[in-house]
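make a model of this:
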Amino acid sequence: MKRSGWSGASEYGRYLAGYNANMDVSFCVVNLNAKNHLNDCLISIPGSLDTTSYEIIITDNNSNDGSVEYIREHYPNVSVITNSRNEGYTKAINQALKCSKGDYKVILNPDSILMPNSISQILQFLRSDDSIGIVGPKVIDDSGVFQRSCRRGIARPAAVFSYFLGLSKLFPSDKKYTGYHLNHLNTDDINEVSGVSGSCMVIRNNVIDDIGYFDEQYFAYQEDSDYCLTAKNNGWKIYYYPESIVKHIGGQGGSHSVRSRAIFEWHRSYVRYFYKHFANDYPNIFNIFYLIIMIAKLIFTQITYVIKK
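Okay, here's the model as predicted:
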């Protein structure tokens, strides 16, 4: 692992007074072949804040699209951690977090664009209640459509199967079927939830001091749900805060640049999440059934991908 760049409060000319050990906010980004989206992401950061000091740390997972060279040329004040291979999302985000100094950590995808004052609004909300540990904004796609994964309930089997089978779409007002993406809730209402999306989430540093970093047993996917649930189980509140809006293009770079591996890791993450948090609540026969279902779904999805490819 190599690290380069200057770590301090940086706003491309406005906060270049020098190193600041007392950082307000650390933006932590994992990049893999998302060069085409980095500029839109990075250029949106200054406008998402008011006068808060901040730093940007990007971990690059051995991109082959010139991402690192682009960052160093156009954003020399951004700190870059370069990996010699794809270490996976979770290990890479932990690398950035462990180097960061902010009182608040913003986990951000490189294909996300922060709307004006979006992070300032979340910080104000976080500071209003010391028991709030993690906050996620309202996330929309490139067309302005709400991304349901930005707020989540607890992904127990009933909620997961309702999601997989499309029951949550068929019965969006029935809590019995909407436990995963909480479809029954108004998208414009502030709600305490059980999880928010890693496309953009803000974590109070005290949470990390309390529960540690992301579980690196997840290569990618579900690490955000896992972390939020761990925080919740340790007494921290998780909130969906729609007054802050972030645009997330989705499906660009990252694990999607190695699609077959992404399909495998997506399914493996659900198995990991279930066995870590819920397996002890169910009989062994159900645990085996759950594993078989996930393996079957993995095989079906891989075959479908190969055929379409």
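
list the contacts of the residue nearest to residue 174 when sequence neighbours are not counted.
Nearest non-adjacent residue to residue 174, counting by Cβ to Cβ, 6 or more residues apart in numbering: residue 184, 6.9 Å away. Glycine gets a C-beta too; all of them are placed from N, C-alpha and C. Contact partners of residue 184, counting by Cβ atoms under 8 Å, 6 or more residues apart in numbering, are 172, 173, 174, 175, 178.

ok, 6 Å please
Contact partners of residue 184, counting by Cβ atoms under 6 Å, 6 or more residues apart in numbering, are 173, 175, 178.

give me the element residue 70 is part of.
Here residue 70 is covered by helix 67-74, with elements defined by DSSP states H and E.

make that residue 133, sorry
strand 132-140.

which helices and strands does that strand pack with?
Counting contacts by 3 or more Cβ pairs under 6 Å, 6 or more residues apart in numbering; DSSP states H and E, strand 132-140 packs against helix 118-127, strand 200-204, helix 223-233, strand 237-248.

just want the angle from the last one to helix 118-127.
Counting by axes from the mean of the first three to the mean of the last three Cα atoms, to 10 degrees, strand 237-248 points 180 degrees away from the direction of helix 118-127.

pull up the pairing partners for strand 237-248, direction included.
With DSSP bridges as the test, strand 237-248 is paired with strand 112-114 (antiparallel), strand 132-140 (parallel), strand 191-193 (antiparallel).

how about the helix or strand just after it: buried residues?
Helices and strands here follow DSSP H and E; after strand 237-248, the next one along the chain is helix 259-277. Of all the residues in helix 259-277, those buried under the rule 16 or more other Cβ atoms under 10 Å are 262-274, 276-277.

quick one: list the elements packing against helix 259-277.
helix 284-308.

what residues does the helix it packs on touch?
The contact list for helix 284-308 (Cβ under 6 Å, 6+ apart) reads 263, 267, 270, 271, 274, 279.

looking at the residues you listed, which is nearest residue 139?
Nearest to residue 139 among the contacts of helix 284-308: residue 270, at 20.6 Å, using Cβ to Cβ.

reformat the contacts of helix 284-308 as a markdown table; add distance to residue 298 and pLDDT.
Conversion of the contacts of helix 284-308 to a markdown table gives the following (distance: Cβ to Cβ, whole Å; pLDDT from 0 to 100):
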| residue | distance to residue 298 | pLDDT |
| --- | --- | --- |
| 263 | 7 | 92 |
| 267 | 4 | 94 |
| 270 | 10 | 94 |
| 271 | 9 | 95 |
| 274 | 14 | 96 |
| 279 | 18 | 96 |
